[in-house]
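Chemist: take a look and give me a structure for this.
(one chain, ligands or ions: 4)
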Amino acid sequence: MAADTFQKLSERAELCAAELRTADSVHLVSHIDADGITAGAIMCLSFERAGIDYTAEFVKKLDEKIMARLLEENHELLIFTDLGSAMTDFMVDNGMKAIIADHHQPNGRPENIAADSTAFPYHMNPHLFGANGGFEISGSGVSYILANALGDNKDLAGLAIVGAIGDMQNRKYGKLVGLNKEILEQGVAAGVLKNAPDLSLFGKQTRPIYKMLQYSSEPYLPGLTGDEEACIRFLQNAGVGYDQREGAKLWIELSQEERVGVISALMKFCQDRGFPAHRVEELIRECYTLLSEKEGSEMRDASEFSTLLNATGRYDKAEIGVRVCMGDRDEALSEARTLLSEHRKNLVNGLNFVKENGMIQLESIQYFYSGEEIKETIVGIIAGMATSIDGVDRKKPIIGMADSEDGIKISSRGTQDLIRRGLNLSKAMSEVTEMVGGAGGGHDIAAGGTVPPERAVEFIDLLDKYIGAQLNEKK
Ligand code: C5P
Ligand code: C5P
Ligand code: C5P
Ligand code: ZN
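Modeler: Numbers count the residues shown, from 1 in each chain. Ligands and ions are numbered 1, 2, ... in the order given. Next up is the predicted model:
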């Protein structure tokens with residue numbers, strides 16, 4: 001199935017590549033998150049290799065205002081990566097010459113989103129070929145397929161996987177599946193990627209082990225998460241990873257035997273505290289290593305790399321992230337690292353804000369409103385991480401709200417369990433924002449939007465009822 005869809009997307013890619021090769025210059029528009037940045041970097045690298053002139057920009061979201069500006073700029077050929085699939089009608093109605101390499105739910109008149117259309121926009125999207133863009137392939141993956149129609153660019157599979165991990169596409173099955181797995185296998189064959197089970201906690205390349213434990217939110221480790229001393233004590237008791245003389249060690253500095261030792265001790269610790277078995281199992285998961293990157297650098301680990309990129313794009317510095325993806329290990333990397341430490345502080349502060357102010361419980365949803373306390377570009381990450389907070393109900397989706405220039409930014413996050421029960425946040429977000437004069441979209445498990453401030457209260461009320469109906473329909 002995946003191989004078949006891969007083939008169909010590759011055929012679409014040939015059509016798009018032919019247009020790209022004959023254009024004098026191309027303007028790329030991509031999204032500011034890790035997936036959008038890697039998608040953009042993959043295309044920029046493949047343009048350079050193929051001798052195609054290009055310019056690039058990164059945007060928070062694609063709305064009619066930006067589309068109107070792009071139209072005005074009169075580009076010969078546009079390419080949209082990790083966004084664009086919801087703008088097909090605008091493109092057709094305005095005669096825009098565009099290529100779309102996206103994985104979000106397509107939107108538009110049926111003829112404008114037909115899988116076999118041979119008119120502009122040339123549209124590459126897994127949803128058009130029966131694959132799910134929420135977990136089978138991300139924007140960077142679709143771009144990778146396109147890049148490989150322009151030349152042999154299999155060495156960019158690492159970036160494609162970083163984008164998929166940035167969008168958390170490994171969540172559903174605990175590992176990458178479908179088209180993502182095909183890309184992974186190409187990367188392994190090209191010698192740029194390795195996949196192997198390892199400790200699932202964040203920071204294996206760059207953080208002392210006790211910090212990995214202290215900041216673990218997935219899974220949340222009662223008795224360790226948030227408690228630095230307890231984490232150090234735990235390692236001292238286990239006799240690995242924290243040594244009076246040698247100090248704190250990184251995960252990558254441990255031998256295989258020592259790693260097994262820590263994992264066993266951790267599992268026992270959790271079991272002794274009555275941790276459910278499925279949560280204990282979450283301590284191990286398939287991990288992805290970029291073999292051409294230096295050991296001990298963020299770029300070596302797909303999860304750390306994606307966080308480094310989010311730390312640039314979500315603060316209006318996507319170009320820095322792109323430069324890192326394209327190989328700059330000097331100025332751009334050092335600036336990205338500075339941004340990363342700010343990003344971490346903002347995530348901690350944001351989570352503390354939610355902890356202190358609490359989550360407001362409605363019938364079928366729970367929400368928090370942060371005003372200007374949480375930046376609108378990271379309120380979604382906070383909403384996703386908030387599941388680890390005490391008092392948050394695992395049985396309702398989380399809605400985060402923050403002030404933004406265009407109104408109130410909404411971010412919503414669900415769980416696989418809720419999706420099985422009928423939740424579709426993409427549908428809820430696009431329809432309910434529209435009812436109050438806003439706009440939105442995304443995936444079944446994670447979606448966002450913007451609503452006019454004066455109608456935010458009404459929006460929340462409508463959303464609660466709408467999601468209640470989704471969950472009740474399946475009962
Ligand atoms: O950025 P969209 O542009 O595709 O981003 C997808 C978002 O969905 C990510 O921010 C990620 O946090 C979220 N997600 C999630 N749980 C999943 C899959 C994706 O929270 N299982
Ligand atoms: O590793 P994972 O993809 O689950 O991380 C999800 C998000 O949470 C990342 O964007 C990262 O910024 C953040 N994170 C973190 N510190 C952790 C775990 C996650 O900053 N210990
Ligand atoms: O912004 P946030 O992280 O909450 O976005 C979650 C998902 O919803 C992302 O895939 C994003 O691209 C999508 N989204 C959208 N339209 C918006 C806002 C977010 O499609 N207006
Ligand atoms: Zn994406």
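Chemist: which bits of the stretch 101-250 of the chain sit near ligand 3?
Modeler: For the stretch 101-250 of the chain, the residues in contact with ligand 3 (C-beta under 6 Å from any ligand atom) are residue 104. Just so you know, the C-beta spots here come from the backbone N, C-alpha and C atoms, and that holds for glycine as well.
Chemist: for ligand 3, what's the nearest residue on the stretch 101-250 of the chain?
Modeler: When scored by C-beta to the nearest ligand atom, the stretch 101-250 of the chain has residue 104 as its residue closest to ligand 3, at 5.5 Å.
Chemist: the closest residue to that residue other than its chain neighbours in helix, strand or coil?
Modeler: The spatial neighbour of residue 104 that comes closest, neighbours along the chain excluded (C-beta to C-beta, 6 or more residues apart in numbering), is residue 85 at 5.0 Å. Using DSSP: H, G, I helix; E, B strand; the rest coil, the structure places residue 85 in coil.
Chemist: for residue 85, give me its contacts.
Modeler: 100, 102-107, 113, 123, 125, 127 (C-beta atoms under 8 Å, 6 or more residues apart in numbering).
Chemist: residue nearest the middle of the protein, spatially speaking?
Modeler: residue 167 (2.0 Å; C-alpha atoms, centre = their mean).
Chemist: ok, that one to residue 11 distance?
Modeler: Separation of residue 167 from residue 11 (C-beta to C-beta, to the nearest Å): 24 Å.
Chemist: sorry, back to before: among the contacts of residue 85, who's most crowded?
Modeler: In terms of neighbours by other C-beta atoms under 10 Å, the contacts of residue 85 top out with residue 103 at 34 neighbours.
Chemist: can you verify that residue is assigned to a strand?
Modeler: No: under three-state DSSP, residue 103 sits outside any strand and is assigned coil.
Chemist: ok, the closest residue in space to it that isn't next to it in sequence - contacts?
Modeler: Leaving aside its chain neighbours, residue 103 sits nearest to residue 133 (3.2 Å; criterion: C-beta to C-beta, 6+ apart). Neighbour list for residue 133: 102-105, 125-127, 443 [criterion: C-beta under 8 Å, 6+ apart].
Chemist: for the residue lying closest to residue 456 once chain neighbours are set aside, helix, strand, or coil?
Modeler: Excluding the flanking residues, the one nearest residue 456 by C-beta to C-beta, 6+ apart is residue 408, at 4.7 Å. Three-state assignment for residue 408 (three-state DSSP): strand.
Chemist: list the contacts of residue 408.
Modeler: Residue 408 neighbours (C-beta under 8 Å, 6+ apart): 369, 401-402, 450-453, 456, 459.
Chemist: where's it relative to ligand 3, distance?
Modeler: According to C-beta to the nearest ligand atom, to the nearest Å, residue 408 stands 12 Å off from ligand 3.
Chemist: mind naming the longest helix for this protein?
Modeler: helix 331-357 (DSSP state H).
Chemist: and that one, does that touch ligand 1?
Modeler: No: using C-beta under 6 Å from any ligand atom, we find that helix 331-357 stays clear of ligand 1, coming within 12.2 Å at best.
Chemist: and that helix, does that touch ligand 3?
Modeler: No: Helix 331-357 stays clear of ligand 3 (C-beta under 6 Å from any ligand atom), getting no nearer than 12.9 Å.
Chemist: pretty sure residue 154 is touching residue 148, no?
Modeler: Yes: between residue 154 and residue 148 there is a contact at 6.6 Å, judged by C-beta atoms under 8 Å.
Chemist: who has more neighbours out of these two?
Modeler: Neighbour totals were compared for residue 154 and residue 148, and residue 148 leads with 21 against 18 (other C-beta under 10 Å).
Chemist: quick check: the gap between residue 298 and residue 344.
Modeler: Residue 298 is 12 Å from residue 344, by C-beta to C-beta.
Chemist: tell me who's in contact with residue 128.
Modeler: The contact partners of residue 128, taken as C-beta under 8 Å, 6+ apart, are 106, 113-115.
Chemist: ok, and does stretch 370-377 reach over to ligand 3?
Modeler: No: using C-beta under 6 Å from any ligand atom, stretch 370-377 stays clear of ligand 3, with a minimum separation of 7.4 Å.
Chemist: just give the nearest non-adjacent residue to the residue of the stretch 251-400 of the chain found nearest ligand 3, would you?
Modeler: Nearest residue of the stretch 251-400 of the chain to ligand 3: residue 380, at 2.6 Å (C-beta to the nearest ligand atom). Nearest non-adjacent residue to residue 380, counting by C-beta to C-beta, 6+ apart: residue 411, 3.5 Å away.
Chemist: and residue 158, by the same measure?
Modeler: Residue 158 sits nearest to residue 290 (C-beta to C-beta, 6+ apart), 4.2 Å away.
Chemist: show me the contacts for the one you found.
Modeler: 158, 161-162, 192-193, 299-302, 305.
Chemist: is stretch 440-457 up against ligand 1 anywhere?
Modeler: Yes: using C-beta under 6 Å from any ligand atom, we find that stretch 440-457 touches ligand 1 at 443, 445-446.
Chemist: in ChimeraX, select just the buried ones from these.
Modeler: Listed next is the ChimeraX selection for buried residues among the residues of stretch 440-457 next to ligand 1, using 16 or more other C-beta atoms under 10 Å:
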select :443,445,446
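Chemist: of the residues of stretch 440-457 next to ligand 1, which is the nearest to ligand 4?
Modeler: residue 443 (8.5 Å; C-beta to the ion).
Chemist: list the contacts for that closest one?
Modeler: 104-105, 133-134, 425-426.
Chemist: which two in those are spaced the farthest apart?
Modeler: 133 and 425 (13.6 Å; C-beta to C-beta).
Chemist: which bits of the stretch 101-250 of the chain sit near ligand 2?
Modeler: Checking the stretch 101-250 of the chain against ligand 2 by C-beta under 6 Å from any ligand atom, the hits are 165, 168, 202, 215-218.
Chemist: chain neighbours aside, what residue packs nearest to the closest residue to ligand 4 within the stretch 251-400 of the chain?
Modeler: Relative to ligand 4, the nearest point of the stretch 251-400 of the chain is residue 306 (10.9 Å; C-beta to the ion). Spatial nearest neighbour of residue 306, chain neighbours left out: residue 166 (3.4 Å); criterion: C-beta to C-beta, 6+ apart.
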